[in-house]
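Student: When you get a sec, could you give me coordinates for this:
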Amino acid sequence: MGNVIELKDVDKIYGGRVKTQVLRNVNLTIEGSAFTAIIGASGSGKTTLLNIIGTLDKPTNGEVYIDGSRIDKMSRITLAALRNRKIGFVFQFHYLLPEFNALENVLMPHTIKRFFYGRKTRERAELLLELVGLSSIMKSKIYNLSGGQQQRVAIARALMNKPKIILADEPTGNLDSNSAEGIYKIFRDINKKFGTTFVVITHDDRIAKKADRIIEIKDGIII
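Tutor: This is a model prediction of the structure:
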């Protein structure tokens with residue numbers, strides 16, 4: 001399968017008068033359907049790299065391609081549309097909306113695109129909650145769910161628009177070992193069932209060692 005993510009000679013520098021270089025000459029390709037772990041010490045540039053791949057940030061220099069399209073020169077509006085279609089995000093802090101129930105949170109990415117949704121869209125959201133083992137609590141408010149359940153809602157939400165890529169930043173960082181193992185299993189099941197490409201930042205050696213590929217970053221350089 002071809003590459004769905006490609007970075008060419010990417011640098012990222014923050015600051016005006018005082019400059020801090022976070023990424024240095026990064027060259028990276030990730031194949032479709034791959035399960036990739038990114039590891040490195042705090043401050044190594046992992047999250048900056050993920051944000052650039054996810055179109056949440058732009059490189060100072062270099063080129064970034066997602067599914068064959070160069071994105072570093074795109075406008076914010078075009079990037080937002082591409083992100084909504086092709087990329088799902090799972091963060092350490094799930095950013096669910098507490099005033100809505102689990103099903104409504106999963107529907108949110110579709111609602112951003114189209115205010116109204118039909119029966120098939122609702123059925124897809126229900127199937128995704130079933131996939132992550134939450135079919136019995138889809139009407140429950142987020143604040144009534146455990147941390148592991150909330151993270152599973154976030155995974156279902158990330159899948160709502162059938163993205164080619166899931167980017168996860170420390171998705172098990174706030175979970176106990178059993179819940180973390182469960183999240184990893186869900187990721188792998190989705191990876192195999194749908195062919196979704198996963199890029200996961202993790203400090204959890206158990207997850208990193210089970211990935212197809214491990215990318216290590218040190219001082220903004222892939223080593």
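
Student: rest of the way, CA atoms for contacts and neighbours
Tutor: Noted.

Student: So Glu123 versus Thr29, what's the distance?
Tutor: 35 Å (C-alpha to C-alpha, to the nearest Å).

Student: nope, Leu97 is what I was after
Tutor: 34 Å.

Student: do Ile222 as well
Tutor: 12 Å.

Student: what about those two, which has more around it?
Tutor: The residue with more neighbours, out of Ile222 and Thr29, is Ile222; 20 against 13, by other C-alpha atoms under 10 Å.

Student: Enumerate every residue touching that one.
Tutor: By C-alpha atoms under 8 Å, 6 or more residues apart in numbering, the contact set of Ile222 is Val26, Ile215, Glu216.

Student: What does the pLDDT read for it?
Tutor: Ile222 carries a pLDDT value of 95.

Student: so how far is stretch 134-147 off the chain centroid?
Tutor: Centroid separation for stretch 134-147 versus its chain: 21 Å, with C-alpha atoms, centre = their mean, to the nearest Å.

Student: Need the distance between the two termini of that stretch.
Tutor: Using C-alpha to C-alpha, the end-to-end distance of stretch 134-147 comes out at 13 Å.

Student: For burial, what's the neighbour tally of Asp204?
Tutor: Neighbour number of Asp204 under other C-alpha under 10 Å is 16.

Student: Of the contacts of Ile222 - the most surrounded one?
Tutor: Most surrounded of those: other C-alpha under 10 Å gives Val26, at 20 neighbours.

Student: show me what contacts that one?
Tutor: So Val26 contacts Leu7, Lys8, Asp9, Val10, Asp11, Gly220, Ile221, Ile222 (C-alpha under 8 Å, 6+ apart).

Student: Recalculate using a threshold of 6 Å.
Tutor: Neighbouring residues of Val26 by C-alpha atoms under 6 Å, 6 or more residues apart in numbering: Asp9, Val10.

Student: Just the element for it, please.
Tutor: strand 20-31 (DSSP states H and E).

Student: just Leu49 next, same as before
Tutor: helix 46-53.

Student: what about the closest residue to Gly45 other than its chain neighbours, neighbour count?
Tutor: Leaving out its chain neighbours, the residue that sits closest to Gly45 by C-alpha to C-alpha, 6 or more residues apart in numbering is Gly220, at 5.1 Å. Close neighbours of Gly220, defined as other C-alpha under 10 Å, add up to 22.
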